[in-house]
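Colleague: Pasting the sequence and the predicted coordinates here, then a few questions.
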Amino acid sequence: MAEADAARVPAIACKDLQKSFGDVRALDRLSLRVPQRLTFGLLGPNGAGKTTSIRVWLGLIRPDGGSASVLGTPVPPRSILPRIGYMPQDLAVYTDLTVEENLALFGRLVGMDEGAIDRRTGAVLRLVDIAERREDLVATLSGGMRRRTSLAAAFLHDPDLLLLDEPTVGVDPELRAAFWRFFAELTARGKTVVITTHYMEEASRCDLVGLMHGGRILALGAPAELKARTGTANLDDAFLALVRGAGGSPA
Amino acid sequence: MRGRRVLAVARKSLSQFRHDRRTLGFVIGMPLLMVLAFGYTFGGEVHEVRTLVVNEDTGSFADLLLENITGDALTLVPWSSEEGAREEVQAGRAWAALVFPANFSEELLARRASIRAMLDGSSPTIVAAVLGTLRAAAERAFAGAGGAAALSLQPDFVYGSEDTRFIDSFAPGVVVLAVLMVTTVFSVIIIVREKAGGMLERLFATPLRPSELVVGHALALALVAFAQSVVVLGAALLIFQVQIVGSLPLAFGVLLLFAVGNQGLGMMLSAAARNELQAVQFIPLVLFPSLLLTGVFFPLEAIPAGLRGISLAVPMTYANDALKSIMLRGWGALQLWLDLTILAVYDALMLLGASFFVRRQA
């Protein structure tokens, strides 16, 4: 019963979130509710407010107004940060550490014990297919491998919620497919995966998509639903139709 | 080589300067600051060296001599007893004490007078100034009578000795300076580097607190600083046979205390900097006042009164004084309580400040 209740708590809920940087309004009364146990794609052009949203949810920046909660905990969600995994857009792994040293650092920071870190490191590195580079300096890895290291660090502690900021930018099709298989596995295990992307065709692989533009959500729904609602054949066209409908112009 | 390409690169560099206002400020301000600091401190003359005078002379020649001590090199303070004067010098409250015996005038007439000069030999510059001023005064007072030749100065070293070499008095300052440089250079880069790769945000997406990040860095850097102190002090002791009268562990303790504060300062500046270039430019800003105003190369008494306030505000003044007192005077922790307290407060303030600035970055 308690578990069922916990599952009903939205992964992300925010209401009227506002955030400005100087004159730039990054979030404009953003309201959103994302249930758990699915893959949610936050889709929008550069500057739509996707990264700002993630930073607010992680408590890295304070919103100017409105409210937000993550897994039922109001932001900043300090107490439940160990239940969240985060992969930033710029990867953020130490290039002057080895792959396993990076993982050990983040494991320790979220409170894992050494035995668990050791066990999980082998498992997650196999999952992202860089197990053989475990003891290599990240500086010696290719861009794609660094991205896999960053992803491995994000879910080493088996978080309930993964926040992945543009995880597939510059990733080759093969690795991208591997990432998506992995996301599907996670949601099957009851985890929630939130990714941001500006690739429309990629968003169609998500269970739920939020089309974001100008710091607010224009539409929220399953990809098929959004296409049907706008009478369009793909998410690209759906997005353009929605932006026009909102009286804006796509960036 | 094509002129157009060369000019394109030059133009790009200047544009980068233009976009980085703080660097532009440094580029203009720093050389000016350096020249001013050097110009004002390289006078080299010491001023107002506190010198006690125990005058038991029943005649008038001692007074005549004292009247001929002119200029502001020495500040003469009459003192009642020889023992009391010695205690003052021992406690570091006076650099020297001159003792004129009761029969000074008689002995001078008999051409065998002597003045005993109790000296804190931890600063050869000051010893030279005291003795030099005294000789000059004797020349003036007794020139006609040929009395100067009949007068001998008996140095009585409370600390150090005639054998205290310049390098001995210099070594503590150089060791402290070396520790300052290595600790600042490392720490001033550390936060700005984390910021650059988005690491700071990534770290704060875990339960890590800014203060934990700062203290964690400080802990690692303190180990590095300790190793560096061992190398620097070890080389001074073994290669140059620099003397150390006091406790070696206490000397390392002082260096470590100083190092942690510097690292806090470095991290604070690092967090305040927008890029590595800005961060690196903070280094001379820390180094210059420390180099010139803390008594490492010139005793504090040689620093113009107007800059003395800055001297007292620069933490290295206290680290230098503490290490000097340990190595040359053999002082213990109790006698160094003021220096140690100030350094501990420095550590606490800098680590707090660094945490505050790091928090503002996140």
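Modeller: Cool, the structure landed. Here the structure is a predicted model, which is why all the values come from computation and not from measurement. Residues are numbered from 1 along each chain as shown, chains lettered A, B, ... in the order given.
Colleague: Residue B:92: neighbour count?
Modeller: Using other Cβ atoms under 10 Å in any protein chain shown, residue B:92 has 18 neighbouring residues. (Glycine included, C-beta is placed from N, CA and C.)
Colleague: OK, contacts around it?
Modeller: Going by Cβ atoms under 8 Å, 6 or more residues apart in numbering or on different chains, residue B:92 touches B:120, B:325, B:329, B:331, B:335.
Colleague: show me what contacts residue B:115?
Modeller: By Cβ under 8 Å, 6+ apart, residue B:115 lies in contact with B:98-100, B:104, B:134, B:151-154.
Colleague: Tell me if it really is in a strand.
Modeller: Yes. Judged by DSSP: H, G, I helix; E, B strand; the rest coil, residue B:115 forms part of a strand.
Colleague: all helices for the stretch 201-350 of chain B, in order.
Modeller: Here the stretch 201-350 of chain B has its helices, by DSSP state H, counting those that start in this stretch, at B:210-238, B:248-272, B:276-293, B:305-313, B:316-324, B:337-361.
Colleague: pLDDT value on residue B:47, please?
Modeller: Note for residue B:47: predicted pLDDT of 85.
Colleague: Quick check: closest non-adjacent residue to residue B:284.
Modeller: residue B:30 (5.9 Å; Cβ to Cβ, 6 or more residues apart in numbering or on different chains).
Colleague: State the helix or strand in which the one you found lies.
Modeller: Assessed by DSSP states H and E, residue B:30 sits inside helix B:21-41.
Colleague: what helices or strands is the helix or strand just after that helix leaning on?
Modeller: Next along the chain after helix B:21-41, taking DSSP H and E as the criterion, comes strand B:49-55. Packed against strand B:49-55, as judged by 3 or more Cβ pairs under 8 Å, 6 or more residues apart in numbering or on different chains; DSSP states H and E, are the following elements: helix B:61-67, strand B:74-78, helix B:82-90, strand B:96-100, helix B:124-142.
Colleague: got JSON lines for those, with mean neighbour count, distance to chain A and mean pLDDT too?
Modeller: As requested, the helices and strands packed on strand B:49-55 are exported to JSON lines (neighbours: other Cβ atoms under 10 Å in any protein chain shown; distance: least, Cβ to the nearest Cβ, whole Å; pLDDT from 0 to 100):
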{"stretch": "helix B:61-67", "mean neighbour count": "19", "distance to chain A": "66", "mean pLDDT": "89"}
{"stretch": "strand B:74-78", "mean neighbour count": "16", "distance to chain A": "56", "mean pLDDT": "92"}
{"stretch": "helix B:82-90", "mean neighbour count": "17", "distance to chain A": "52", "mean pLDDT": "92"}
{"stretch": "strand B:96-100", "mean neighbour count": "25", "distance to chain A": "55", "mean pLDDT": "93"}
{"stretch": "helix B:124-142", "mean neighbour count": "19", "distance to chain A": "46", "mean pLDDT": "87"}
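Colleague: Out of the ones you listed, which gets nearest to residue A:54?
Modeller: Nearest to residue A:54, of all these, is helix B:124-142, at 61.6 Å by Cβ to Cβ.
Colleague: between that closest one and strand B:74-78, how big is the angle?
Modeller: 70 degrees (axes from the mean of the first three to the mean of the last three Cα atoms, to 10 degrees).
Colleague: From the rest of the structure, what touches helix B:124-142?
Modeller: Against helix B:124-142 from outside (Cβ under 8 Å, 6+ apart): B:46, B:49, B:51, B:61, B:64-71, B:73-74, B:95-96, B:98, B:108, B:115, B:117, B:119-121, B:147-148, B:150-151, B:153, B:155, B:160, B:164-166, B:169, B:298-299, B:301-302.
Colleague: How about the residues of chain A by chain B?
Modeller: Residues of chain A lying close to chain B by Cβ under 8 Å from any Cβ of the partner chain are A:55, A:58, A:60, A:78, A:81-82, A:84, A:86, A:88-92, A:94-95, A:106, A:109-111.
Colleague: Repeat the analysis, applying 7 Å as the threshold.
Modeller: Contact residues (Cβ under 7 Å from any Cβ of the partner chain) of chain A with chain B: A:58, A:60, A:78, A:81-82, A:86, A:88, A:90, A:92, A:94, A:106, A:109-110.
Colleague: Just the buried ones from these?
Modeller: Buried members of the residues of chain A next to chain B, scored by 16 or more other Cβ atoms under 10 Å in any protein chain shown, are A:58, A:60, A:81-82, A:86, A:88, A:92, A:94, A:106, A:109-110.
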